[in-house]
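**Q** coords please:
(2 chains)
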Amino acid sequence: MSEGVQASQGAPQGRRTVMSVLAPTIIGLLSIAGYFRVSPPGSTIANVLLAAGIALLVFAAALVALRWPVRDPRDYYGGLVLFGLALFMLWAGSDLPGMRGFAFGPGTGPRIFASVLAALSLIVMIVGMFSQGPGLERYAWRGPLFITLGTLLFAVTIRQFGLIIASYLSIVTVSLGSTEMRWVETLIWAAVLTAFCVLVFPIALSLPLQLWPSPTLSFSTFLNFR
Amino acid sequence: MTDLLANLALGFGVAFSPANLGFCMLGTLVGTLIGVLPGVGPLATIAMLLPITFGLPPVGALIMLAGIYYGSQYGGSTTSILVNIPGEAASVVTTLDGHQMALQGRAGPALAIAAIGSFFAGCVATVLVAALGAPLTSVALLFGPAEYFSLMVLGLIFAVVLAKGSVVKALAMILLGLMLSMIGSDIETGQSRMSFDIPEMADGIGFVTVAMGVFGFAEIMRNLEHTSSRDVVKAKLTGLMPTWADLKACAPAIGRGTLLGSILGILPGGGAVIAAFAAYTFEKKVAKDPSRFGRGAIEGVAAPESANNAAAQTSFIPLLTLGIPPNAVMALMVGAMTIHGIVPGPQVMTKQPELFWGMIASMWLGNAMLVVINLPLVGLWVRLLRVPYRLLYPAIMIFCCIGVYSINNSPFDVLITAAFGLVGYWLAKHDFEPAPMLLGFVLGPLMEENLRRAMLIARGDPTTFLTRPISAGLLALATLLLVIALLPMIRSKREQVFVEE
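**A** The predicted structure follows:
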């Protein structure tokens, strides 16, 4: 990556930050909360979630008490988040029936995959604690924020306001994501692009896209953008 | 042999129809354009253009999509040589010697040799696809669920071994992909899984939405982090044709590159990027004077360019014969085929010969077109490169949005894409490779289905994967590969290969 984006968090000695303790604590608490929300209580999955949650809390405490290092925060957080995700998927699939005799049930596959993912992400996390890494890259906020915002705007407006308004708004919003953007240029360019999209998609390719706001536009239909 | 000729004749008959010629030309042109523009890979493009192919006949649609793929391999080299920015990942190595040649005023020969090498590789690969299609299809008939499952495991392991960076992280990405693919209704019971009672999730997450988010959106977010400055070589493009000495120096390099690329393309998990790297490294090893590389050695352009083009085409072999996508772009082709009601696999060849052979013939035609069309168009591509990124990316974004929306006319899909854009950005920040995840995502349902069937047939006995010889062999190979990849010594060597940029 480009120079100068390295944050100081990955200092060579492996510093613990508040975040590195807080993250496993939160995931652990969520996992324990999951134990109480599993649909058939007392199932294996519920116990797994409880055990994993407690283990994470103990781990967070040990991190502080035993002064364990976090040498490569990139892998540490990466593994931790994936571990949390695996637990979440276990929880989400806990209502599915498992093995029926020797036949797989709908829940078997997801459980196998989630368990293997949990194991692998723990390896990533533990390796990330003890081996030196390049440190966290700084997250930019501008690009991701405006790109996501522009996309959301498109999703919300396309049904009710039609292609022209949705594209124009979305293009302008997305353009804000670049530090080099210039207002006049963007407004003109958005108009050109919108015209191009109208010519290509609904007209040349005859995709069923509505161009202008629908006559039945009202606030309630606007919110129900599905 | 006569069969092969008859089949090829059928294929050319299909490919030469005016409509299909048009699709082929359009595909290669769009592909080249995409390859030329940095930051738009073939994957995002195919995802973006999928909706455009909805209205086309299946043959035309697939011909066009294939054209985009190998066209982009070709277009990438133009940017690499002229601007020193790889247009897409497969032409990273071409920047090393190609741009040096351009600085020495030999941009013309570099571009020409890239074109000639690509064309030669394309021809060989086309013949290879045609020749290997039939025998591999008969192999596929020997395969039961257990063998299919083991083959997919092998493919995924290949993808892990050949991906750059940590093996464990690549494995984790595959598992993440497999897990995400479980969302939606269960194949056997129809029960909805992990869909949180959201009706749009009942059918699972669309492949295109994941691909577009993780590759398209996330890539743009990352590109926006550093302001780009491009210095296009201003040197006049005189003397396009290489000299005899150049050609003589290149001929063996092209041959070796083609061979290496063809093999790596067929192997699951391989593909154009790895082929280009491998060909360059190999060329450097066999060269009499390795120090010339990196300073404008013409072999350093010829070999990787031939290799990536060969690999781009031979990677169709496992898809068309076994129905297993060997890499992420082919995974998208599965999506495209399914949309058109074609189930990729051995039956494509027997049930839809005109589709199979038409596509193969069109690949050869497409390669010929690339040479004829593109060399004169280099000037145009160079001018396109001067379009600043701040204008380019909103265009890409809006095409993506409209593309995703029009697949199902569903705004929800657009939301999911936005979410996966952020996921992809996060993954990149933590050095997770998204490509294995996508492969896992595509193979997930197939793997689960075959695993379930195999277990059912064996009455719940998991040793069935080890007692059936083909399956056992495949799994043994996968284990061997994994062990090799995990051996630290070889691993450090492997990283060296990829560090040489």
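
**Q** and whatever residue of chain B ends up closest to chain A, which of the three is it?
**A** Taking CB to the nearest CB as the measure, chain B has B:Gly460 as its residue closest to chain A, at 2.3 Å. To be clear about C-beta, it is placed using only N, CA and C from the backbone, and glycine gets the same treatment. Using DSSP: H, G, I helix; E, B strand; the rest coil, the secondary structure recorded for B:Gly460 is coil.

**Q** thought it was touching A:Phe104?
**A** No: counting by CB atoms under 8 Å, no contact exists between B:Gly460 and A:Phe104, whose distance comes to 9.3 Å.

**Q** More neighbours: the two, which one.
**A** The neighbour count for B:Gly460 versus A:Phe104, taken as other CB atoms under 10 Å in any protein chain shown, is higher for A:Phe104 (23 against 13).

**Q** nearest residue to A:Val38 other than its sequence neighbours?
**A** For A:Val38, ignoring the flanking residues on the chain, the nearest one in space by CB to CB, 6 or more residues apart in numbering or on different chains is A:Ala46 at 4.2 Å.

**Q** which ones are touching the residue nearest in space to the middle of chain B?
**A** Nearest residue to the geometric centre of chain B (CA atoms, centre = their mean): B:Val329, 4.0 Å. With CB atoms under 8 Å, 6 or more residues apart in numbering or on different chains as the criterion, the residues that contact B:Val329 are B:42-43, B:46, B:69, B:271, B:315.

**Q** cutoff 10 Å now
**A** Under the criterion of CB atoms under 10 Å, 6 or more residues apart in numbering or on different chains, the contact partners of B:Val329 comprise B:41-43, B:45-47, B:65, B:68-69, B:72, B:211, B:271-272, B:312, B:315, B:319, B:435, B:438.

**Q** about what we covered before: check contacts around the residue nearest to A:Val38.
**A** A:34-40, A:90-91, A:94.

**Q** Name only those of the residues you listed that count as buried.
**A** Neighbour-count burial within the contacts of A:Ala46 applies to A:34-35, A:38, A:90-91, A:94; the criterion is 16 or more other CB atoms under 10 Å in any protein chain shown.

**Q** Flag the shaky bits of the chain, pLDDT-wise.
**A** Chain wasn't specified; assuming chain A. Within chain A, the set of residues satisfying pLDDT under 70 comprises A:1-16, A:39, A:205, A:216-226.

**Q** please go with chain B instead
**A** B:1, B:38-40, B:85-89, B:162-164, B:227-240, B:268-271, B:488-501.

**Q** intersection of neighbour lists for B:Gly460 and A:Phe104?
**A** Taking CB under 10 Å, 6+ apart as the contact definition, B:Gly460 and A:Phe104 share no neighbouring residue.

**Q** Show me which residues of the lengthiest helix in chain A are buried.
**A** Longest among the helix segments of chain A by residue count, using DSSP state H, is helix A:142-175. The neighbour-count criterion (16+ other CB under 10 Å) identifies A:143-144, A:146-175 as the buried residues of helix A:142-175.

**Q** Check which helices and strands the helix or strand following it sits against.
**A** The helix or strand immediately downstream of helix A:142-175 is helix A:183-198, counting by DSSP states H and E. Using 3 or more CB pairs under 10 Å, 6 or more residues apart in numbering or on different chains; DSSP states H and E as the contact criterion, the elements in contact with helix A:183-198 are helix A:142-175, helix B:389-408.

**Q** wait, doesn't the residue of chain B closest to chain A sit right on A:Met99?
**A** Yes: B:Gly460 sits in contact with A:Met99 when judged by CB atoms under 10 Å, with a separation of 8.4 Å.

**Q** Give the burial count for residue 186, as a bare number.
**A** No chain specified, so I'll use chain A. In terms of burial, A:Thr186 registers 19 neighbours under the definition other CB under 10 Å.

**Q** other chain: chain B
**A** B:Asp186: 22 surrounding residues under other CB under 10 Å.

**Q** Quick one: residues contacting the closest residue to chain B within chain A.
**A** For chain A and chain B, the shortest gap (CB to the nearest CB) falls at A:Phe102, measuring 2.3 Å. Counting by CB under 10 Å, 6+ apart, A:Phe102 touches B:455-456, B:458-462.

**Q** Would you mind listing which of those are buried?
**A** With burial judged by 16+ other CB under 10 Å, the buried subset of these is B:455, B:458.

**Q** Determine which two of the contacts of A:Phe102 are furthest apart.
**A** The largest distance within the contacts of A:Phe102, taken as CB to CB, falls between B:Leu456 and B:Pro462 and amounts to 11.9 Å.

**Q** Now for B:Val442: which residues touch it?
**A** Under the contact definition (CB under 10 Å, 6+ apart), the residues listed for B:Val442 are B:177-178, B:181, B:207, B:210-211, B:324-325, B:328, B:330-335.

**Q** element containing it, please.
**A** When elements are defined using DSSP H and E, B:Val442 is found to belong to helix B:434-457.

**Q** Could I get the buried residue list for that helix?
**A** Using 16+ other CB under 10 Å as the test for burial, helix B:434-457 gives B:434-455.

**Q** so how far is it from its chain's centroid?
**A** Relative to the mean C-alpha coordinate of its chain, helix B:434-457 is positioned 20 Å out (CA atoms, centre = their mean, to the nearest Å).

**Q** cool, and stretch A:55-71?
**A** Here stretch A:55-71 is found 25 Å from its chain centre; the criterion is CA atoms, centre = their mean.

**Q** on that earlier part again, ok so the residue nearest to the centre of chain B is a helix residue?
**A** Yes: when the secondary structure is assigned by three-state DSSP, B:Val329 falls within a helix.

**Q** Could you pull up the residues touching A:Ser170?
**A** For A:Ser170, the contact set (CB under 10 Å, 6+ apart) comprises A:147, A:149-158, A:190, A:193-194, B:394, B:397-398, B:401-402, B:414.
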